[in-house]
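# the following block contains a protein sequence and its predicted model.
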Amino acid sequence: MSNKHTPHIKAEPADFAKTVLMPGDPLRSKFVAETFLENPRLINNVRGIQGYTGTYKGVPVSVMASGMGMPSIGIYSYELYNFFGVENIIRIGSAGGLADDVQLRDVIIGMGACTNSAYQDQYKLNGNYAPIASYDLLESAVNEAKELGVRYKVGNLLSSDIFYHADPKFNEGWYKMGVLGVEMEAAALYMNAAAAGKKALAICTVSDHIIRGEALDADARQNTFTDMMKIALNVAIKN
């Protein structure tokens with residue numbers, strides 16, 4: 001852990017809580033801070049990546065954006081884990097639904113994160129690494145979802161490097177393998193947590209359904225995915 005600023009985070013280790021909620025969108029970070037945290041203060045705004053720390057039910061919690069994609073969350077989560085003393089990162093983002101029984105606004109709790117990324121190549125493993133969530137965070141999230149009466153699914157996400165894929169049938173194989181939804185960050189987060197000996201979980205709200213062609217608008221994605229936020233906040237104060 002260092003007391004020096006990084007190129008991406010201008011803060012001190014003491015500015016961050018033990019647990020950081022991490023949406024992709026900086027405006028979602030601002031929304032969480034202003035809607036749920038008591039006395040939130042802006043602790044980072046380098047490159048417009050807003051980070052806040054406040055309290056939730058009396059417990060310190062931070063929320064900071066990750067930007068889009070595995071390279072971006074890879075940078076921010078690495079720095080938080082390794083330079084700022086953060087122990088838990090809970091991604092709160094959106095996902096495109098794949099499975100037949102996944103509906104718009106459902107919450108997907110990512111037990112695992114398949115990927116088409118080469119992110120794992122840096123570890124020089126003799127095989128393919130299977131990125132998974134930290135079980136205690138996952139179990140806690142499931143319990144909170146039940147307590148809140150939220151419609152949720154637990155299973156595999158696909159963390160894709162590509163949003164506009166040249167192959168229109170790209171998602172068919174993942175659909176057949178039972179993957180619940182597609183997003184772009186969880187696998188890198190899970191790998192960074194494993195490498196640092198820290199904990200991670202991805203909780204995603206279904207913003208569109210890739211197979212059925214259903215979708216919510218941008219304003220809804222930014223401001224109305226409060227179920228996953230409440231789940232993550234309750235997990236944060238109990239872990």
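Looks like it came in fine.
# in this protein, what helix or strand scores lowest on average pLDDT?
Lowest mean confidence among the helices and strands of the chain (mean pLDDT, DSSP states H and E): helix 218-223, at a mean of 70.
# and the residue of the chain most remote from its centre, which of the three is it?
For the chain, the residue at maximal distance from the C-alpha centroid (C-alpha atoms, centre = their mean) is Asn126, at 27.4 Å. Here Asn126 is recorded as coil under DSSP: H, G, I helix; E, B strand; the rest coil.
# show me the strands in the chain, by range?
For the chain, the strands defined by DSSP state E cover 19-22, 38-44, 51-56, 59-64, 88-97, 107-115, 152-159, 181-183, 199-209, 214-215.
# same question for stretch 18-34: list its buried residues.
19-26, 28-33 (16 or more other C-beta atoms under 10 Å). Every C-beta, even on glycine, is put in place using the N, C-alpha and C of the backbone.
# then stretch 157-171?
By 16+ other C-beta under 10 Å, the buried positions in stretch 157-171 come out as Leu157, Leu158, Ser159, Ser160, Asp161, Asn171.
# got a list of what Leu80 touches?
Counting by C-beta atoms under 8 Å, 6 or more residues apart in numbering, Leu80 makes contact with Ile9, Phe16, Val20, Met64, Val86, Ile89.
# if we go to 6 Å?
By C-beta atoms under 6 Å, 6 or more residues apart in numbering, Leu80 lies in contact with Val20, Val86.
# now Ile43
Ile43 neighbours (C-beta under 6 Å, 6+ apart): Ala11, Asp15, Gly51, Thr53.
# which residue packs closest to it, ignoring adjacent ones?
Nearest non-adjacent residue to Ile43, counting by C-beta to C-beta, 6 or more residues apart in numbering: Asp15, 4.2 Å away.
# between the buried residues of stretch 157-171, which is closest to Met229?
Taking C-beta to C-beta as the measure, Met229 lies nearest Leu157 of the buried residues of stretch 157-171, at 18.0 Å.
# gap between the closest one and Asp15?
Leu157 sits 30 Å away from Asp15, taking C-beta to C-beta, to the nearest Å as the criterion.
# so which residue is smack in the middle of this protein?
Short answer for the chain (C-alpha atoms, centre = their mean): Arg91, at 1.7 Å.
# show me what that one is bridged to.
Beta-bridge pairing for Arg91 (DSSP bridges): Met22, Ala202.
# hang on, the earlier thing: among the contacts of Ile43, find the lowest-pLDDT one for me.
Ranked by pLDDT, the contacts of Ile43 bottom out at Ala11 (80).
# now do the contacts for it.
Residues in contact with Ala11 (C-beta under 6 Å, 6+ apart) are Ile43, Asn44.
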